[in-house]
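Asker: missing the sequence, but the structure's below:
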């Protein structure tokens, strides 16, 4: 009985609409960039850390240019790498 309930729960979770699983872009502020950058510094060395650091640099540049949507995209990419 427990196996059936677990299987049913797994099927329900997989059936969630994709729209509910999308990520929201973070607000592009110096504080959010600094917060994400702190998380990146604490990461172990590797490809994810390199990608996150690169995206942080891009986010900083986009914020300085006033390109908020591009900044948000880069900040989201960096944030995903820290998970």
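Answerer: Received the coordinates, thanks. Quantities reported herein were computed from a predicted structural model and do not represent experimental measurements.
Asker: can we go C-alpha only for contacts and neighbour counts from here?
Answerer: OK.
Asker: List the contacts of the helix or strand residue 31 falls within.
Answerer: Assigned by DSSP states H and E, residue 31 belongs to helix 30-41. Outside of helix 30-41, the residues within contact range by CA atoms under 8 Å, 6 or more residues apart in numbering are 26, 49, 52, 53, 56, 59, 60, 75, 78, 79, 82.
Asker: so how far is residue 42 from the fifth one?
Answerer: Relative to residue 42, residue 56 is positioned 14 Å away (criterion: CA to CA, to the nearest Å).
Asker: neighbour count winner among the two?
Answerer: residue 56 (24 against 10; other CA atoms under 10 Å).
Asker: Hmm, that one is touching residue 76, no?
Answerer: No: between residue 56 and residue 76 there is no contact under CA atoms under 8 Å: 9.4 Å.
Asker: What are the boundaries of the strands in the chain?
Answerer: For the chain, applying DSSP state E gives no strands.
Asker: show me where it has helices.
Answerer: Secondary structure of the chain by DSSP state H: the helices cover 2-14, 30-41, 47-65, 68-81.
Asker: looking at those, which is buried most?
Answerer: For the helices of the chain, the largest average neighbour count (mean count of other CA atoms under 10 Å) is found in helix 68-81, namely a mean of 21.
Asker: Need the contact partners of that one.
Answerer: Against helix 68-81 from outside (CA under 8 Å, 6+ apart): 24-28, 33, 36, 48-49, 51-56, 58-63.
Asker: about what we covered before: determine which two of the contacts of helix 30-41 are furthest apart.
Answerer: The span of the contacts of helix 30-41, defined through CA to CA, is set by 26 and 49 at 18.9 Å.
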